[in-house]
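Colleague: Provide a 3D model corresponding to the input given below.
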Amino acid sequence: MPVKIPDNLPAAEILTSENIFVMSESRAALQDIRPMKVLILNLMPNKIETETQLLRLLGNTPLQVDVDLLRIHDKHSKHTPSDHMNNFYRDFDEVRSRNYDGLIITGAPLGQVDFTDVTYWQHITEIIDWSQTHVTSVLFLCWAAHAGLYHLYGLERELLAKKRSGVFRHQRVHLPVPLLRGFDDEFFVPHSRYAQIPCDQLAQHQQLQVLASSERAGAYLIISENNRNLFVTGHPEYQKYTLRDEYQRDTQQGLNPEIPCHYFPDDNPDLEPIARWHSHGSLLISNWLNYYVYQMTPYDLSDMTALTPWETR
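Modeller: Okay, the predicted model is just below:
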């Protein structure tokens with residue numbers, strides 16, 4: 001089934017050219033179906049690139065998805081045209097009275113900034129708190145995963161000496177968890193971050209469970225006891241050249257970055273990078289949307305008290 005997006009969103013043309021099933025608002029209005037309503041809080045600088053990455057994954061699921069794009073503030077964006085922001089993004093005041101089936105909070109280029117020093121930290125925590133009563137399931141990505149674990153569970157991250165960048169091998173836990181249905185024993189995921197929360201620290205928290213991790217990249221998938229919050233410390237949404245573009249950007253800025261691990265053949269940045277995580281990313285989002293959103297959300301979103309107990313599914 002398609003992901004429903006505004007008629008003129010730039011991602012529509014890109015996704016259609018890639019054979020991703022998308023549907024315009026005008027066409028979707030003719031269908032008699034209750035789509036999943038997903039809100040995306042986009043904290044990345046290049047809004048169009050990030051929204052396209054996420055819509056690409058949502059468009060590969062078997063459910064019709066109605067997407068709203070949310071911005072953290074209405075200040076001018078250096079990397080995204082103002083017309084795009086004003087035409088396609090909502091402010092929190094516009095959605096705070098609504099309920100959603102799912103919420104995705106993206107990463108942000110704030111890996112070395114203390115959470116409380118982030119200029120919009122109060123807005124982030126307000127939205128996270130709101131999500132716990134207005135959203136069936138929340139997916140936190142990369143920086144947002146650490147921010148959510150800190151705000152909701154008091155877990156402190158550890159800053160790394162160097163940026164952890166590359167494509168790393170991961171292992172899943174062998175438990176009958178719906179999120180992991182169809183997962184291979186081992187799979188690859190891109191990471192691009194400056195911090196981590198040690199697996200042993202996460203294991204001590206009774207309200208959290210680590211579902212997948214990497215010997216080199218650490219904890220990757222962490223889910224809350226009530227299945228409402230899924231924390232993903234990597235970037236399954238990244239496209240083939242995203243890590244290359246980040247490496248070139250950091251190099252041009254004189255940051256002397258290390259070459260992303262296990263990404264370029266022979267670690268040679270002049271060679272074509274290898275993408276080996278797209279199937280995992282699609283399966284992860286599909287499982288989340290099906291088992292943690294669609295199977296649990298009330299048909300009438302105005303009644304969040306009608307969430308189906310997990311045990312009955």
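Colleague: show me where the stretch 201-313 of the chain has strands.
Modeller: Under the criterion DSSP state E, counting those that start in this stretch, strands of the stretch 201-313 of the chain are mapped to 208-214, 218-224, 229-232.
Colleague: direction included, what does the shortest one pair up with?
Modeller: Read that as strand 229-232. Take DSSP bridges as the rule and strand 229-232 pairs in its sheet with strand 135-141 (parallel), strand 218-224 (antiparallel).
Colleague: among the strands of the stretch 201-313 of the chain, which comes closest to G281?
Modeller: strand 229-232 (9.8 Å; C-beta to C-beta). Quick note: C-beta positions are derived from backbone N, CA and C, even for glycine.
Colleague: for that closest one, give the mean pLDDT please.
Modeller: Per-residue pLDDT values over strand 229-232 give a mean of 98.
Colleague: now do it: distance to the chain's middle.
Modeller: The chain centroid and the centroid of strand 229-232 are separated by 9 Å, computed with C-alpha atoms, centre = their mean, to the nearest Å.
Colleague: check stretch 138-152 too.
Modeller: The chain centre lies 10 Å from the centre of stretch 138-152; the measure is C-alpha atoms, centre = their mean.
Colleague: swap in stretch 244-258?
Modeller: Put simply, stretch 244-258 sits 23 Å off its chain's centre (C-alpha atoms, centre = their mean).
Colleague: over to stretch 150-161?
Modeller: Averaging C-alpha positions (C-alpha atoms, centre = their mean) puts stretch 150-161 18 Å from its chain's average.
Colleague: what's the single longest strand in the chain?
Modeller: strand 158-172 (DSSP state E).
Colleague: quick one: list the elements packing against that strand.
Modeller: The contact analysis (3 or more C-beta pairs under 8 Å, 6 or more residues apart in numbering; DSSP states H and E) places strand 158-172 against strand 186-196, strand 208-214, helix 242-252.
Colleague: can I get those in TSV including mean pLDDT, distance to W277 and mean neighbour count?
Modeller: Formatted as TSV, the helices and strands packed on strand 158-172 follow (pLDDT from 0 to 100; distance: least, C-beta to C-beta, whole Å; neighbours: other C-beta atoms under 10 Å):
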stretch	mean pLDDT	distance to W277	mean neighbour count
strand 186-196	97	5	21
strand 208-214	97	12	20
helix 242-252	96	10	16
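Colleague: now the ones you listed as a markdown table including distance to W143?
Modeller: Converted to a markdown table, those look like this (distance: least, C-beta to C-beta, whole Å):
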| stretch | distance to W143 |
| --- | --- |
| strand 186-196 | 7 |
| strand 208-214 | 18 |
| helix 242-252 | 14 |
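Colleague: V67 is nearest to which of the ones you listed?
Modeller: So among the helices and strands packed on strand 158-172, helix 242-252 is nearest, using C-beta to C-beta, at 20.4 Å.
Colleague: so the closest one versus strand 158-172, what angle?
Modeller: Counting by axes from the mean of the first three to the mean of the last three C-alpha atoms, to 10 degrees, helix 242-252 lies at 160 degrees to strand 158-172.
Colleague: show me how far helix 242-252 is from its chain's centre.
Modeller: The chain centre lies 21 Å from the centre of helix 242-252; the measure is C-alpha atoms, centre = their mean.
Colleague: swap in stretch 90-97?
Modeller: Offset of stretch 90-97 from its chain centre (C-alpha atoms, centre = their mean): 20 Å.
Colleague: what residues sit buried inside that stretch?
Modeller: Buried positions in stretch 90-97, judged by neighbour count with 16 or more other C-beta atoms under 10 Å: 92, 95.
Colleague: what's in contact with it?
Modeller: With C-beta atoms under 8 Å, 6 or more residues apart in numbering as the contact definition, stretch 90-97 has outside contacts at 39, 68-72, 74, 123, 126-127, 130, 134.
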